[in-house]
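A.B. asks: Sequence isn't available, so here's the structure alone:
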């Protein structure tokens with residue numbers, strides 16, 4: 001039986017396509033990860049992720065809104081880049 005017998009038949013991603021924007025949580029993660037690593041350098045990647053998840057869960061709504069606004073700006077930029085990409089190719 002061929003190795004790729006059950007492989008998906010969809011086309012591969014275009015490397016020139018714009019990357020999708022980060023969610024509010026991932027932007028928060030980028031901000032929090034260095035702080036956690038600095039305070040606890042021995043934590044594993046999984047433990048750092050758990051800590052970030054706990055912090056996100058416990059952060060105030062005002063802080064979440066600030067990150068959601070940052071994410072909304074990134075979505076708008078992405079939509080512009082995507083429209084330009086679709087026009088060009």
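C.D. replies: Right, received. Where do you want to start? Note that the structure is a prediction, hence the values are computed from the model and not measured.
A.B. asks: residue nearest the centroid of the protein?
C.D. replies: Central residue of the chain (CA atoms, centre = their mean): residue 22, 3.6 Å from the mean position.
A.B. asks: Is that one part of a helix or strand, or is it coil?
C.D. replies: coil (DSSP: H, G, I helix; E, B strand; the rest coil).
A.B. asks: and the gap between it and residue 49?
C.D. replies: 15 Å (CB to CB, to the nearest Å). Just so you know, the C-beta spots here come from the backbone N, C-alpha and C atoms, and that holds for glycine as well.
A.B. asks: about what we covered before: nearest residue to the residue nearest to the centre of the chain in space, ignoring adjacent ones along the chain?
C.D. replies: residue 74 (6.2 Å; CB to CB, 6 or more residues apart in numbering).
A.B. asks: hmm, back to that, isn't the residue nearest to the centre of the chain right up against residue 67?
C.D. replies: No. With contact defined as CB atoms under 8 Å, residue 22 does not reach residue 67; the gap is 9.8 Å.
A.B. asks: quick one: the residue nearest to the centre of the chain and residue 12, what's the gap?
C.D. replies: Distance from residue 22 to residue 12, by CB to CB: 23 Å.
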